[in-house]
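# just the structure for this:
(chains A and B)
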Number of protein chains: 2
Amino acid sequence: MALVVVDVMPKPEILDPQGKAVTGALNRLGYTGFTVRQGKRFEIEVDGELTEARLDQVRDAAEKLLANTVIEQFDVSVRGQ
Amino acid sequence: MALVVVDVMPKPEILDPQGKAVTGALNRLGYTGFTVRQGKRFEIEVDGELTEARLDQVRDAAEKLLANTVIEQFDVSVRGQ
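Below you'll find the predicted structure:
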């Protein structure tokens, strides 16, 4: 069982209202000098052996389902074989 | 300007309806043999030098605001100094 992580973040040029809201909340709580951007994290357990073809499937799924590639970018990383 | 990442995931023993929904959608799209858990990712730019005290502030903020520690666990990692 392999573990693959897909991190999805708003593209840098895209407004990030969630991140702005969290930044504001942190400031109000006294945590100053922090700028926050918020995204999604998917931990995917892959049955069987993690072949290159299976990894391509994860990338494909990330592009088609996990990220909205118009406004988001994603990164795929293998955490455990 | 340092970059600190806070990854927030549901605790393993907690039901993850979002992850289950994504797993189901992947299966319907033909991506079988994947089990997905979904969480949040925060990228935090920290003004000035990233001292141990500042990093403790990020951990404190994660515990108090970014994660609901009753049902979620979080991990703090430094990505760039």
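
# can you tell me the element residue A:40 falls in?
For residue A:40, the element it lies in under DSSP states H and E is strand A:34-46.

# elements contacting that strand?
Here strand A:34-46 touches strand A:2-10, helix A:17-28, helix A:52-61, strand B:2-10, strand B:34-46, going by 3 or more CB pairs under 8 Å, 6 or more residues apart in numbering or on different chains; DSSP states H and E. Quick note: C-beta positions are derived from backbone N, CA and C, even for glycine.

# what does the first one rub up against?
Which is strand A:2-10. A:16, A:19, A:37-46, A:49-50, A:54-55, A:58, A:62, A:66-67, A:71-81, B:41, B:43 (CB atoms under 8 Å, 6 or more residues apart in numbering or on different chains).

# try the third one
When contacts are taken as CB under 8 Å, 6+ apart, the neighbours of helix A:52-61 outside the stretch itself are A:2, A:4, A:6, A:44, A:46, A:48, A:76, A:78, B:26, B:29, B:31, B:33-34.

# may I ask which two of those are separated the most?
A:78 and B:29 (21.5 Å; CB to CB).

# buried ones among the contacts of strand A:2-10?
Neighbour counting by 16 or more other CB atoms under 10 Å in any protein chain shown classes A:16, A:19, A:37-44, A:46, A:50, A:54, A:58, A:62, A:66-67, A:72, A:74, A:76, B:41, B:43 among those as buried.

# can I get the helices and strands packed on strand A:34-46 in CSV with mean pLDDT?
Putting the helices and strands packed on strand A:34-46 into CSV (pLDDT from 0 to 100) gives the following:
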stretch, mean pLDDT
strand A:2-10, 97
helix A:17-28, 96
helix A:52-61, 96
strand B:2-10, 97
strand B:34-46, 97
